[in-house]
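In: Need coordinates for the following:
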Amino acid sequence: MNDHYYIAVEGPIGVGKTTLARILQEELHGQVLFEVFEENPFLGDFYADRARYAFQTQIFFLLSRYRQQHETVARLLARGPLFADYLFAKDRLFAQLNLAGDELAVYEHVHAALGEQVIAPGLVIHLRATTDVLMNRIAVRDRPYERTMSRQYIDDLRVAYERFFADYSQGPVLNIDTTDLNFVADADDRRHLISLVRSALQSGSYQQSLPTISPSLPASGAPVMADPSPRRLSDFQELHRSGEGEDLEADLFLDYLGLTEQVGALGSQLKRLWIPRIGTSVATSDGRADFRTQARAALRDELTDAFSSLLKIANDAGIDLESAYVDRLDLESTGPGPTVGGGASK
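Out: Residues are numbered from 1 along each chain as shown. From the prediction side, this is the model:
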């Protein structure tokens, strides 16, 4: 059995995806990747008014899921088995259920471009259950934003999952009907489910090869250059240039969306750091030093992601950032030119 297999657990809301991912982590001793959905600021509004908030909700989920997958999967998979409670490709299923017209067309374009850059699991476990069972499980866990879900929506979602996996072609799918299974409280049901997964893995067809990122993979999951000598901005821009797409208009738009999402994450970190300071004093040198240390650790990854997007945007637009930056510095050092028309400044 391959020690670096990647399994994603999928199915409609309430079917037990996260629970099974945790069980697989315990039983098969690997890493686990959970979908981050409670951070979506539009989710509560979406369940209250699907038509009004569907596009904002779907785009936020798409970019958030892409970012998590792009930054995390390769790094975790390099350590051993990986179990996720969602499949990136399923985001499109929800979009087709909730969007239409121009909004769906824009979404499909963005999803297609991002999906090419995501590692597909070696095995997808599709959990199934009847609509009545799903509604009961949703009611039992009683998440506030799920209380307004209609039975019709859950039934539509269940049917959409059935159709999605009937046509799924990115890898093997293990279908498991959980209607009469209680793999949380019943030890026999749990052993039965684990045995199904082990059999699938031992068959060999679901083994996942380790992803390769050239030339090497550091802790951050980003490629590095072999030569440790000092680098210029143009060198980093060249590093990002390899492997980038050729649809320049699409790439510029996608990189812009990525940058806005990263700037939003940066703002969230700053807000988290700043709010506790309101009404307190960090006027001492020790207080300022502590705050700088916290800020540096929290903002490092967010600033790096934003910088990466800037490099990609510059590449797509054919702009030499180093040359442009030097030109701007020269302009600032010599001062502004003469005012056209001689009017007063505003």
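
In: Quick check: mean pLDDT of the host helix or strand of I154?
Out: I154 belongs to helix 151-166 when assigned by DSSP states H and E. Per-residue pLDDT over helix 151-166 has a mean of 92.

In: Neighbouring strands of the helix or strand that that helix is followed by in the sheet, and parallel or not?
Out: Following helix 151-166 in sequence order, the next helix or strand is strand 173-177 (DSSP H and E). Using DSSP bridges, strand 173-177 pairs in its sheet with strand 123-128 (parallel).

In: where do the helices sit along this structure?
Out: 17-28, 43-48, 50-77, 91-98, 101-115, 131-141, 151-166, 187-202, 233-241, 248-274, 285-317, 321-334 (DSSP state H).

In: As JSON lines, those helices with distance to L181 and mean neighbour count would be great.
Out: Where you see a C-beta, it was placed from the backbone N, CA and C, and this is true even at glycine. Below are the helices of the chain laid out as JSON lines (distance: least, Cβ to Cβ, whole Å; neighbours: other Cβ atoms under 10 Å):
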{"stretch": "helix 17-28", "distance to L181": "10", "mean neighbour count": "19"}
{"stretch": "helix 43-48", "distance to L181": "27", "mean neighbour count": "16"}
{"stretch": "helix 50-77", "distance to L181": "27", "mean neighbour count": "19"}
{"stretch": "helix 91-98", "distance to L181": "23", "mean neighbour count": "19"}
{"stretch": "helix 101-115", "distance to L181": "31", "mean neighbour count": "16"}
{"stretch": "helix 131-141", "distance to L181": "10", "mean neighbour count": "15"}
{"stretch": "helix 151-166", "distance to L181": "16", "mean neighbour count": "16"}
{"stretch": "helix 187-202", "distance to L181": "5", "mean neighbour count": "15"}
{"stretch": "helix 233-241", "distance to L181": "47", "mean neighbour count": "15"}
{"stretch": "helix 248-274", "distance to L181": "38", "mean neighbour count": "16"}
{"stretch": "helix 285-317", "distance to L181": "39", "mean neighbour count": "15"}
{"stretch": "helix 321-334", "distance to L181": "55", "mean neighbour count": "11"}
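
In: contacting residues around the nearest residue to N98 once chain neighbours are set aside?
Out: Distances taken as Cβ to Cβ, 6 or more residues apart in numbering place A54 nearest to N98, at 4.1 Å, with adjacent residues excluded. Residues counted as contacts of A54 (Cβ atoms under 8 Å, 6 or more residues apart in numbering) are F46, N98, L99, E103.

In: which stretches of this protein aren't confidently modelled?
Out: 1-3, 37-39, 203-232, 235, 239-251, 269, 271-298, 329-346 (pLDDT under 70).

In: which one is L321 nearest to, not counting chain neighbours?
Out: With Cβ to Cβ, 6+ apart, the residue lying closest to L321 is A314, at 4.7 Å.

In: Test my guess that L196 contacts I176.
Out: Yes - in this structure, L196 is within contact of I176 by Cβ atoms under 8 Å, at 6.4 Å.

In: Where do the domain boundaries of this structure fall?
Out: 6-202, 233-334 (automatic domain parsing).

In: follow-up on the earlier one: could I get the helices of the chain as a markdown table with distance to L123?
Out: Formatted as a markdown table, these follow (distance: least, Cβ to Cβ, whole Å):
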| stretch | distance to L123 |
| --- | --- |
| helix 17-28 | 11 |
| helix 43-48 | 28 |
| helix 50-77 | 13 |
| helix 91-98 | 18 |
| helix 101-115 | 18 |
| helix 131-141 | 23 |
| helix 151-166 | 13 |
| helix 187-202 | 6 |
| helix 233-241 | 32 |
| helix 248-274 | 29 |
| helix 285-317 | 30 |
| helix 321-334 | 42 |
